[in-house]
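Q: Would you be able to build a 3D model of this:
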Amino acid sequence: MAEEARVADHEGLRRSLGFRDLVVYGLLFIAPMAPVGVFGTLDAKSHGAVALVYLVATVAMAFTAFSYAQMVRVAPQAGSVFTYARTALGEGPGFVAGWMAMLDYLLIPAVAYLFAGIAMEALVPEVDRWVWTGIAVVLTTLLNLWGVRAAARVGFAVLAMEIVVLLVFVVSAIVVLARDGARRDWWSPLSGDAGFSTAAVVGAVSVAVLSYLGFDAIASFAEEVTGGSERVARAVLLCLALAGVLFVAQTWLVALLEPVSSSELAADPAMQGSAFYDAVDASVGGWLHDLVAVSKAIGAAFAALAGQAAGGRLLFAMGREGRLPHALARTDSGVPRVALLVSAAVTMIAAVWAARRDDGLDHLVSVVDIGALTAFVLLHASVVAWFAVRRMEGPPRVLAHVVAPVVGAAILVAVIVEASPSAQVVGVIWFAIGLVVLALQGTRRVSP
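A: Residues are numbered from 1 along each chain as shown. Now for the predicted structure:
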């Protein structure tokens, strides 16, 4: 009976997403203008070679996207990396992968909601940012409860708005550069404005790869897409490629508009957070500054919507397999509403708590990515195990099934090593708690 219940839940997810919807969810979660907030930090770290940083980061994350594309064909189910590791490595590693990914799928939306609250408070200072943060959680949760298709339609409109704002910035920047010339050398976004340093670029890449987190959420909708897993694989790869092009283009342009050097930014960390906005304000005008800020506020809320939807599906999958309470696997009209509400509740608590503290954003940002990076390492291990060790698809292809995942895992390990000490501590604690839960459950599948 338990297995029949799981099958019923599996069939309860409604296949209603097309290829465009998957790309919309991926780009919403990544956010087309993700570099806005970290441009100054990356410019300072890389000695001005910020466009090269994003170019290298795109290539680095391509290894992870490629592993996702391979495993989604093997196990096209809602659990994403939880399902892939469980299929290729076994129940224990599968639980650990899902457990670590859960940390980020619950906290990344909280950061995005907080960004939206901060932006709205700047526009309407009479209302505290924690109120705006809570409103954003409620509105986007209602959209997710309405259904994945409805949320995708609204998300498409928001994404179109973000793309339009980005295009306005690109055109305005090109006009200013053609009229007034560049503040830095035209090729400095690749070579640096104060001498090239390989170590500086590599150090900045370890931060830049975090801008890409979100393309992996596409795999969470594998059971709700029409046309099979091939569409999911193509959407994952396309989202990463599009994000790379957008990130390189906008950072190249804003670097040329930047009125201060990378060394000045490095010497004054307080300038780094607003460096993108300051460059736009000084070169183009305050009107574009405000337009970008409003776009970021709305875009952040809908990035959280996509993250919340992905987190809900991870909880749904782990509940369906008995690794979390089975109530999470219930569906209503094709929507995993219980899992979504639990995801929304945890995110609401984290986001509002952070919004009510002066240092709340710093606390959240410092820990949000460690779980996903750890889960990605297990994703690469799953590719090697399934194709090269177990040879489940016949003779392995060395480059695709051994070299690429090993290189991808090595890059991620390097990023984890470069993570902040607080993130590493939180990751270790969360990992230890997961091991305790796993030990209590046993490594075999738990009947719900």
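
Q: got the buried residues for the helix or strand where V417 lies?
A: Assigned by DSSP states H and E, V417 belongs to helix 404-418. Buried residues in helix 404-418, counting neighbours by 16 or more other CB atoms under 10 Å, are found at A404, P405, V406, G408, A409, I411, L412, V415, I416. In this view, the C-beta of every residue, glycine as well, is placed from N, C-alpha and C.

Q: One more: stretch 388-405?
A: Neighbour counts over stretch 388-405 (16+ other CB under 10 Å) mark A388, P396, H401, V402, A404, P405 as buried.

Q: any idea how far the second one lies from F387?
A: The one in question is P396. In this structure, P396 and F387 are 5 Å apart, going by CB to CB, to the nearest Å.

Q: got a pLDDT number for the residue nearest to W99 when sequence neighbours are not counted?
A: Once flanking residues are discounted, W99 sits nearest to G434: 3.8 Å by CB to CB, 6 or more residues apart in numbering. As predicted, G434 sits at a pLDDT of 90.

Q: what sits against G434?
A: F95, V96, W99, M100 (CB atoms under 8 Å, 6 or more residues apart in numbering).

Q: Reformat these into TSV and put distance to V56 next to each item.
A: Converted to TSV, the contacts of G434 look like this (distance: CB to CB, whole Å):
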residue	distance to V56
F95	33
V96	29
W99	30
M100	25
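
Q: how about those in a markdown table, adding neighbour count and distance to L27?
A: Shown next, in a markdown table, are the contacts of G434 (neighbours: other CB atoms under 10 Å; distance: CB to CB, whole Å):
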| residue | neighbour count | distance to L27 |
| --- | --- | --- |
| F95 | 25 | 30 |
| V96 | 22 | 29 |
| W99 | 24 | 27 |
| M100 | 26 | 24 |
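
Q: Sort out for me which of those residues are in strands.
A: With strands taken from DSSP state E, there is no overlap with the contacts of G434.

Q: nearest to P35, of those residues?
A: Of all the contacts of G434, M100 has the smallest distance to P35: 25.8 Å, by CB to CB.

Q: Can you list phi and psi of D332 for me?
A: Torsion angles at D332 (phi, psi; degrees, to the nearest 10) stand at phi -140, psi 110.

Q: ok, which stretches of the stretch 101-250 of the chain are helices?
A: 129-146, 148-180, 188-191, 198-208, 229-257 (DSSP state H, counting those that start in this stretch).

Q: Packing partners of the helix or strand where R73 lies?
A: Using DSSP H and E, R73 maps to helix 50-74. The contact analysis (3 or more CB pairs under 8 Å, 6 or more residues apart in numbering; DSSP states H and E) places helix 50-74 against helix 39-45, helix 81-89, helix 188-191, helix 198-208, helix 229-257, helix 370-383, helix 404-418.

Q: Now G394. Its backbone dihedrals?
A: Dihedral angles for G394 - degrees, to the nearest 10 - are phi 90, psi -160.

Q: Return the residues in contact with it.
A: Applying CB under 8 Å, 6+ apart to G394 gives no contacts.

Q: can you check the one 3 residues further on too?
A: Contact partners of R397, counting by CB under 8 Å, 6+ apart, are F387.

Q: what about R330, how many residues close to it?
A: For R330, the number of neighbouring residues by other CB atoms under 10 Å comes to 18.

Q: Next one: F221 relative to V176, how far apart?
A: Applying CB to CB, the value for F221 to V176 is 40 Å.

Q: and the two? which has more neighbours close in?
A: Between F221 and V176, counted using other CB under 10 Å, the more crowded position is F221 (26 against 19).

Q: In the chain, where is pLDDT below threshold?
A: Where the chain drops to pLDDT under 70, the residues are 1-13, 122, 273, 359, 361-363, 365-366, 442-448.

Q: Check which residues of the longest helix seen in the chain are buried.
A: What stands out as the longest helix in the chain, according to DSSP state H, is helix 286-320. Under the neighbour-count criterion of 16+ other CB under 10 Å, helix 286-320 has 288-289, 291-293, 295-320 buried.

Q: now swap in stretch 175-186 and tell me
A: For stretch 175-186, burial by neighbour count (16+ other CB under 10 Å) applies to V176, L177, A182, R183, R184.

Q: Tell me how many other residues crowd F115.
A: That count, for F115 with other CB under 10 Å as the rule, works out to 26.

Q: Over to T198?
A: T198 - counted by other CB under 10 Å - has 8 other residues nearby.

Q: Ok, A199 next?
A: For A199, the neighbour count with other CB under 10 Å is 8.

Q: any idea how far it is from G214?
A: 28 Å.

Q: next one: A235
A: For A235 relative to G214 (CB to CB), the value is 12 Å.

Q: now D268
A: 30 Å.

Q: out of the two, which sits in the busier spot?
A: G214 (26 against 13).

Q: Please look at the more buried one and A31 and confirm they touch.
A: Yes: the pair G214 and A31 qualifies as a contact (CB atoms under 8 Å) at a distance of 7.5 Å.

Q: what sits in contact with each of the two?
A: Common neighbours of G214 and A31, counting by CB under 8 Å, 6+ apart, are A303.

Q: Distance check, S263 against S197.
A: 12 Å.

Q: Which neighbours do the two have in common?
A: Between them, S263 and S197 share these contacting residues under CB under 8 Å, 6+ apart: H47.

Q: picking up where we left off before, tabulate the buried residues of stretch 175-186 in TSV, adding columns for distance to Y84.
A: Below are these laid out as TSV (distance: CB to CB, whole Å):
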residue	distance to Y84
V176	46
L177	45
A182	45
R183	46
R184	43
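
Q: and which of these is nearest Y105?
A: Set against Y105, the nearest of the buried residues of stretch 175-186 by CB to CB is R184 (38.5 Å).
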